[in-house]
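Q: need a structure here:
(one chain, ligands or ions: 1)
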Amino acid sequence: MTALPPDDLETLAAHIADRLTTASDTRRGAWRTPVLATASANGPRARVVVIRSVDVAARRIEIFTDAGSHKVDEIAADPRVALTFWDPDTGEQLRVAARAYAVADPTLVDARWSDIGSAGQALYGDGPAIDRRARFVVLQAVWNAWDWLWIADTPHRRATLTWTDDGRRETSWIDP
Ligand SMILES: Cc1cc2nc3c(=O)[nH]c(=O)nc-3n(C[C@H](O)[C@H](O)[C@H](O)COP(=O)(O)O)c2cc1C
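A: Model prediction:
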């Protein structure tokens, strides 16, 4: 049987926030590995990433990456990114529009570097530890819109949630 999604927008917003938070905490959840799209000089570029943490109050998703990857230069040139999540078990897609940046604060980056441990650190470069640390980049993406779609049953449901510059959230159902 298909679980019905929330039918009021307030509960839906809480449901999506909860799913995002759980995804970053759960190794095998479908929403843990969204597709991150950036703008490049050659057109859009998209790739799968792992979301490492979610701060709902700050509207922030954290991702770790390698300084040599395309996304780092692309985000520096144009911070507008899209993250697309899909869960085949619940039939839910979430499209997130955000602005991303590489964290400059070395204390925060050091803390995340320490958190990933030696197995995680080994994924960055193949030189001595100090060089590997230089390759490690923490990206933060602050969302300003969600587009949620549920297709597990008919009729499908779709909603948009957008945040204004002063942080107010506007929500509406839309015809899928
Ligand atoms: C399941 C999965 C998880 C991945 N997680 C990450 C990640 O968290 N960070 C990352 O930079 N690349 C990750 N990758 C690799 C990216 O998809 C991509 O190949 C790499 O980041 C280079 O992309 P770019 O040069 O376009 O930035 C992952 C790939 C897969 C298949």
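
Q: make it CA atoms for all contacts and neighbour counts henceforth
A: OK.

Q: Just the residues contacting the lowest-mean-pLDDT helix or strand in the chain, thanks.
A: Lowest by mean pLDDT, DSSP states H and E among the helices and strands of the chain is helix 129-135, with a mean of 87. Residues outside helix 129-135 that contact it (C-alpha atoms under 8 Å, 6 or more residues apart in numbering) are 66, 67, 68, 113, 121, 122, 124, 125, 126.

Q: just those residues: which has the poorest pLDDT?
A: On pLDDT alone, residue 126 ranks lowest of those, at 79.

Q: Can you classify that residue by secondary structure?
A: Reduced to three states with DSSP: H, G, I helix; E, B strand; the rest coil, the structure at residue 126 is coil.

Q: Skipping adjacent residues, who's closest to it in space?
A: Once flanking residues are discounted, residue 126 sits nearest to residue 132: 7.0 Å by C-alpha to C-alpha, 6 or more residues apart in numbering.

Q: Count the neighbours of the one you found for me.
A: Counted by other C-alpha atoms under 10 Å, the residues lying close to residue 132 total 18.

Q: And the strands in this structure, which stretches?
A: Assigned by DSSP state E, the chain shows strands spanning 35-40, 43-48, 53-55, 60-66, 80-87, 92-102, 136-150, 157-163, 169-174.

Q: now those as JSON lines including mean neighbour count and distance to residue 3?
A: Listed next are those as JSON lines, based on neighbours: other C-alpha atoms under 10 Å; distance: least, C-alpha to C-alpha, whole Å:
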{"stretch": "strand 35-40", "mean neighbour count": "20", "distance to residue 3": "25"}
{"stretch": "strand 43-48", "mean neighbour count": "13", "distance to residue 3": "27"}
{"stretch": "strand 53-55", "mean neighbour count": "18", "distance to residue 3": "25"}
{"stretch": "strand 60-66", "mean neighbour count": "20", "distance to residue 3": "27"}
{"stretch": "strand 80-87", "mean neighbour count": "20", "distance to residue 3": "13"}
{"stretch": "strand 92-102", "mean neighbour count": "20", "distance to residue 3": "11"}
{"stretch": "strand 136-150", "mean neighbour count": "22", "distance to residue 3": "11"}
{"stretch": "strand 157-163", "mean neighbour count": "18", "distance to residue 3": "13"}
{"stretch": "strand 169-174", "mean neighbour count": "14", "distance to residue 3": "19"}
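
Q: Using a markdown table, lay out the ones you listed together with distance to residue 15.
A: Output for the strands of the chain, formatted as a markdown table (distance: least, C-alpha to C-alpha, whole Å):
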| stretch | distance to residue 15 |
| --- | --- |
| strand 35-40 | 20 |
| strand 43-48 | 23 |
| strand 53-55 | 14 |
| strand 60-66 | 16 |
| strand 80-87 | 14 |
| strand 92-102 | 11 |
| strand 136-150 | 11 |
| strand 157-163 | 13 |
| strand 169-174 | 14 |
